[in-house]
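Q: Just to be clear, the model below is a prediction. Sequence and coordinates:
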Amino acid sequence: MKTQKKTMLTGNKAAAWGARMAGVEYVPAFPITPQTEIVETLAKWFADGTLQGKFTNMDSEHSMFMAAGSAGATGVRVFTASSSQGILHGMESLYTITGWRTPMVIVNVSRALATPITLEPDHNDVMSTRDCGLIQLHAETCQEVFDFVLMGYRIAEDPDVCLPVLVNLDGFYLSFTREPVLIPDEEEARNFLPLYKAMQPVFQASRPMARASAVFGGATYTSFKLQQDMACRNAEKCFNQAAQDFEKYFGRFYGPVEAFHLDDAEYVFVMSNSFATKGKSAVLKLRQQGIKAGLLKLRLFRPFPGEAIASALAGHAKVAVIDQNLAPGMGGITYPEIVTSLYSREDRPEKILSVIGGLGGKDMDDQDFMAIIEHLDKPDSGTPLYLYDEKDVSSFNRLQQIAKLKEALS
Amino acid sequence: MTTSTNVHKKIKDLHPNEAIAPGTGLCAGCGGLEGLRLGLKELGDDFLICNAAGCFTLLSVYPFTPLKGSWLYTTMGGSVPAAQGVRDALDIRMRYRGLEKKEDLNVIVVAGDGSSNDIGFGATSAAIHRGLDFIYFCYDNEAYGNTGFQLSAASPYGSATQTTPSTDVHEAGTEINKKNLFEIWKAQKPAYLATVSPREPIDLSNKFARAKELKGPRMFICMSPCPTGWGFEPKEMQEIAKLAVDTGIFPVKEYFEGEVVHTVRPRKRLPAEKFLERQKRFHHLFEPHRQDEVIGQIQKRVDDYWRQYE
Amino acid sequence: MWRIRMHGRGGQGIKTASQILGSAGFYSGFQAQDFPLYGAERRGAPVIAFTRISKDAILERGPISSPDIILIGDETLLNDPQSAPLCGAEPTTIIFVNSNHRPKELSQKFEVITANLTDLCLQRLNGRTIYSSALSAVGARLLGTIELEDLLQAVEDELPGVSSQMLKGNLDLAREVFEMVQPVAIPQRVEKALTAKPLVFPQHLPVVDGAPIILDPGNMALRKTGNWRVERPEIDYDHCNKCLICYARCPDGVISLAPDGRPEIDYDHCKGCLICAQECPGHFIKTVRETGIFP
């Protein structure tokens, strides 16, 4: 293991460095806050010759993902990034290119979805891509962002997978936050991830082929869709293999989930992304107060590591699944998936609570976590627990009065 | 001027290559297919078609492809950016990864008028703006044909479509004008821009031969008579295409280096209704009663167009 | 329940036939269901449509794989592997073919009923071959449970917007066919005990097989579209002057040049658009009606 250089980097810069160390050759890009710094950084590196290949300014995310997919099908290593409305605008293309089975890494910088429009983060954007066949890795730290981009190419390009990998990081809380990140030298990165060589036929004159042709008949469609499912499932094995190699080269190990003070925990928070740091802090404080709390952090979200999650949560009494997303009329999006993974376990938790918090960047503090502990001890209410308090109500009321002031005077 | 460099003078000069094998599920008598067939004859087999969802989606149905070259089915609005990705990737591999020049591909977009005028319009404009080195082939049958003939921005005034039917309240059927895609594209100064007709194979072939030698965006709009949507017998396709030219309704022209030239000029223009009366989509202009005002408007627009060039 | 499957080509009114029969059944007091099967193909390509008619609620949906009655509007489809009109037929299935042939000439295996609907249509419908009324009338009469007046009402309702002359032609046609055909006894089905399907867990394939990728350029020619033809163009080589207009004008590129410069039509693929015949300057390409079984 060679020395790695420690540098203060934002999450966005860490993503760009990940792409640089992966030796990406093609970046089709379209700006969107809070992702833009990633593509700006890469644009500069292509422009000054640091990176060899091409950076193309596209006209929309729909176009951008399409160009990314077709370039992947033509045999280059592709990187791109987006966020929020951009992910939604590109959704048709995302479903399309996962079906093409061309590898690439996409970074999503999470930002809440309109309406109302806002710049701050939550996970409805990345959750909207949950079912389109992407591999998903969720990062808590800037280091994880860098590392997951490198690991992402190993998974995406594995012949048993051949699917785009999406690395998720939170807008603002990670994208614009600097912290120390270890960056290996290029040679070491190349040992872990050699320069790109396509493992499937790619477009060139000597290899005419038709890709993505229409099918008629449910059986043919089903066959290809099931293959996509098999490939996506294979990615868990590839993730674990890449994680082992990654540890060998760089000394950091990543499992599909991370257990934090879980062994003897009676209360478990299930979280993902940057707010998991807040959850970990709360766990330590709760333990000082004699409350046996722990945290399970999700890293690999697609394929869904149900077995790893169930094994980590089984045997613990009370679990709160904290979703920073909302499916109106239903609740948290990851909650039912986690409950499902535990259903067949005899030692499943006696209580699994759905918690909705952090919407549109709304902060989560220690008192929120204490409130969750209290509710875990109460009987079920039949609805999710919303992290929404009296202060939120009064500040909202104030805004509403301002919005109506003239009407009130007239 | 470019027109002096025509390499084809007669039918026997057409390139013998057929890049599209038969057996496709496209309608018998498809005008657009004839246009694409003639165009591909000139381009050789080293091509990749990025196809926009539309009638031509049916060219390749798994596990079959009619093409000697490559095919990538995309989405209705995604064919041009897909071409961008392929073009960029080939350039990258040739420049940095030692891919030999002989492995290069002519990147072609094939899209219908709905995709070209509507859902893929912005992405196409963006690609012309970027100077993308590609050939764009729009088969224009003046409606969303693949879904059963609904209004597109290319549907002409006075035509009936499934979503602009002729009724007692809206007798004309389509009451708005066809978008002038040629002029809009021309405003962006692509490397080459031409309209072609399947009934003018020599003209069409010369235009593709010319475009093949150029770099940058090379745009084609192919008048594509559609027996199914327009309502005529398949065997009449070429006659209808000829009438479109002979009435002056469809000007056959090219734009190159700032100049527009009409490459096939009707000697004496036939009345527009000679074209209209042969198609079911215009029947309401003649029966149950003749809509003179609408027919007159159509004729006036044709006359106004040609007056600019007389 | 009676399950009726109809076969024809795009443009022959097969879908409408299934609707007329459905409505006629409905008007006669039955439960009814009708629908077409849309494939990839277009005008001239094989089309299938279905009608279910029942005294009780119809607890079936989707294509009929074992029909009680098969109505074939276009006999050139008989041996067509794509259309496969006899697929799922049992010895007891009633099979009607629009044909001038005698039943035994068409099939030794099945009891076939034939009638020449084409000529009737040509007469009644101003020279057009649209079988919607004729074929539905065959179906209605074979069942023996549908009243003529209900059939005629259905013809009127399912052909909106046609001219009064054309409607009259269709009504006359339906009446004539109805009176020409005899009801048949449709055997009751014995429901077999259910058996489970042998399900398999999918195995992961390498991406070249696991994604829709085609590595055999031009293999579309394996699909024969010659069966779309209703009429075939034939070149009169005694007069052909090799001008190659036919070759240049063929959208499907099925006219190739022989070594001696003669144009040759690939009948395996010619869809019968007849542009070549229409465009031949000397009118040296004649058109011949396709009959019987596609070679």
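A: Alright, I've got the coordinates.
Q: C-alpha from now on. contacts and neighbour counts both.
A: Noted.
Q: May I see the domains of chain A written out as residue ranges?
A: Domains of chain A are assigned by automatic domain parsing as A:5-250, A:257-395.
Q: from the middle of its chain, how far away would the first one be?
A: This means domain A:5-250. 11 Å (Cα atoms, centre = their mean, to the nearest Å).
Q: Contact partners for residue A:299?
A: Residues in contact with residue A:299 (Cα atoms under 8 Å, 6 or more residues apart in numbering or on different chains) are A:137, A:138, A:139, A:255, A:256, A:257, A:258, A:272, A:273.
Q: any chance of the domains of chain A in a markdown table, with mean pLDDT too?
A: Output for the domains of chain A, formatted as a markdown table (pLDDT from 0 to 100):
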| stretch | mean pLDDT |
| --- | --- |
| domain A:5-250 | 97 |
| domain A:257-395 | 97 |
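Q: Please work out which of these is packed deepest.
A: Stretch with highest mean neighbour count among those: domain A:5-250 (a mean of 22; mean count of other Cα atoms under 10 Å in any protein chain shown).
Q: hmm, that one in reach of chain C?
A: Yes. Residues of domain A:5-250 contacting chain C under Cα under 8 Å from any Cα of the partner chain: A:99-101, A:159-160, A:162, A:200-201, A:207-213, A:216, A:223-224, A:226-228, A:230-231.
Q: that older thread, so of the contacts of residue A:299, which two are at opposite extremes in space?
A: Within the contacts of residue A:299, A:255 and A:273 form the most distant pair, 14.5 Å apart (Cα to Cα).
Q: Just list the residues touching residue 82, thanks.
A: In the absence of a named chain, this looks at chain A. Counting by Cα under 8 Å, 6+ apart, residue A:82 makes contact with A:30, A:31, A:32, A:35, A:61, A:106, A:107, A:108, A:109.
Q: Chain C is the one I meant
A: So residue C:82 contacts residue C:46 (Cα under 8 Å, 6+ apart).
Q: wait, doesn't residue C:221 sit right on residue B:20?
A: No. Using Cα atoms under 8 Å, residue C:221 is not in contact with residue B:20; the gap is 9.3 Å.
Q: Show me the common contact partners of the two, please.
A: residue B:66.
Q: Go through the contacts of residue A:82 and flag which are in helices.
A: Members of the contacts of residue A:82 lying in helices (criterion: DSSP state H): residue A:61.
Q: ok, of the contacts of residue A:82, which one's closest to chain C?
A: Relative to chain C, the closest of the contacts of residue A:82 is residue A:106; by Cα to the nearest Cα it sits at 20.3 Å.
Q: Got the phi and psi for residue B:224?
A: Dihedral pair for residue B:224: phi -130, psi 80, per degrees, to the nearest 10.
Q: quick one: which of residue C:221 and residue B:20 has more around it?
A: residue B:20 (26 against 19; other Cα atoms under 10 Å in any protein chain shown).
Q: Next, work out how far apart the more buried one and chain C are.
A: 7 Å (Cα to the nearest Cα, to the nearest Å).
Q: The stretch 51-200 of chain B: strands as residue ranges?
A: B:70-73, B:106-112, B:134-140, B:192-196 (DSSP state E, counting those that start in this stretch).
Q: do you know which of these lies nearest chain C?
A: Per Cα to the nearest Cα, nearest to chain C of the strands of the stretch 51-200 of chain B: strand B:70-73, 7.7 Å.
Q: Please identify the pairing partners of the closest one and their relative orientation?
A: strand A:210-211 (parallel), strand B:47-51 (parallel) (DSSP bridges).
Q: which of these sits most buried?
A: Counting by mean count of other Cα under 10 Å, the most buried of the strands paired with strand B:70-73 turns out to be strand A:210-211, with a mean of 29.
Q: Check what contacts that strand and list those residues.
A: With Cα under 8 Å, 6+ apart, strand A:210-211 has contacts from A:100, B:60, B:65, B:70, B:71, B:72, B:73, C:212, C:213, C:214, C:215, C:217.
Q: Which one of the residues you listed is nearest to residue C:182?
A: Distances from residue C:182 to the contacts of strand A:210-211, taken by Cα to Cα, are shortest for residue B:60, at 45.2 Å.
Q: Quick check: the gap between that closest one and residue C:80.
A: Distance, residue B:60 to residue C:80, by Cα to Cα, to the nearest Å: 21 Å.
Q: Neighbour count: these two, which is higher?
A: Neighbour totals were compared for residue B:60 and residue C:80, and residue B:60 leads with 28 against 18 (other Cα under 10 Å).
Q: Spit out the contact partners of whichever residue of the stretch 301-410 of chain A sits closest to chain C.
A: Nearest residue of the stretch 301-410 of chain A to chain C (Cα to the nearest Cα) works out as residue A:303 at 15.1 Å. Applying Cα under 8 Å, 6+ apart, we find residue A:303 in contact with A:135, A:136, A:232, A:233, A:235, A:236.
Q: Residue A:313 versus that one, what's the distance?
A: According to Cα to Cα, residue A:303 and residue A:313 sit 18 Å apart.
Q: likewise residue A:215?
A: Residue A:215 sits 42 Å away from residue A:313 when distances are taken as Cα to Cα.
Q: What number of residues are in the vicinity of the residue nearest to residue C:31 when sequence neighbours are not counted?
A: Closest residue to residue C:31 apart from its sequence neighbours, by Cα to Cα, 6 or more residues apart in numbering or on different chains: residue C:54 at 5.1 Å. Per other Cα under 10 Å, the neighbour tally for residue C:54 reads 16.
Q: Among the contacts of residue A:303, name the ones in helices.
A: A:232, A:233, A:235, A:236.
Q: if I pick the second one, what's in contact with it?
A: Residue A:233 makes contacts with residue A:303, as judged by Cα under 8 Å, 6+ apart.
Q: still on that earlier bit, I'd like the contacts of residue A:303 laid out as a markdown table, including distance to residue C:242.
A: Listed next are those as a markdown table, based on distance: Cα to Cα, whole Å:
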| residue | distance to residue C:242 |
| --- | --- |
| A:135 | 60 |
| A:136 | 63 |
| A:232 | 58 |
| A:233 | 61 |
| A:235 | 61 |
| A:236 | 65 |
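Q: farthest-separated two in those residues?
A: For these, with distances taken as Cα to Cα, the pair at the greatest spread is A:136 and A:233 (11.8 Å).
Q: isn't residue C:1 right next to residue C:57, touching?
A: No. Using Cα under 8 Å as the test, residue C:1 is too far from residue C:57 to be in contact (9.1 Å).
Q: What separation is there between the residue of the stretch 51-200 of chain C found nearest chain B and chain A?
A: Using Cα to the nearest Cα, the closest approach of the stretch 51-200 of chain C to chain B is made by residue C:163 at 10.3 Å. As judged by Cα to the nearest Cα, residue C:163 and chain A stand 37 Å apart.
Q: separation between that residue and residue B:276?
A: On the measure of Cα to Cα, residue C:163 and residue B:276 end up 20 Å apart.
Q: More neighbours: these two, which one.
A: Per other Cα under 10 Å, whichever of residue C:163 and residue B:276 has more neighbours is residue B:276, with 24 against 10.
Q: The closest residue in space to that one that isn't next to it in sequence and chain A, how far apart?
A: Computed as Cα to Cα, 6+ apart, the closest residue to residue B:276 that is not its neighbour in sequence is residue B:282, at 5.7 Å. Using Cα to the nearest Cα, we find residue B:282 at a distance of 33 Å from chain A.
Q: Distance of residue C:202 relative to residue A:393?
A: 52 Å.
Q: ranges for the helices of the stretch 151-300 of chain B?
A: Remark: helices assigned in the stretch 151-300 of chain B by DSSP state H, counting those that start in this stretch are B:181-187, B:201-212, B:237-246, B:273-276, B:292-307.
Q: of all those helices, which lies closest to residue C:45?
A: Using Cα to Cα, those put helix B:237-246 closest to residue C:45, at 17.8 Å.
Q: what's the closest one packed up against?
A: For helix B:237-246, the packing partners by 3 or more Cα pairs under 8 Å, 6 or more residues apart in numbering or on different chains; DSSP states H and E come out as helix B:31-43, helix B:273-276, helix C:275-279.
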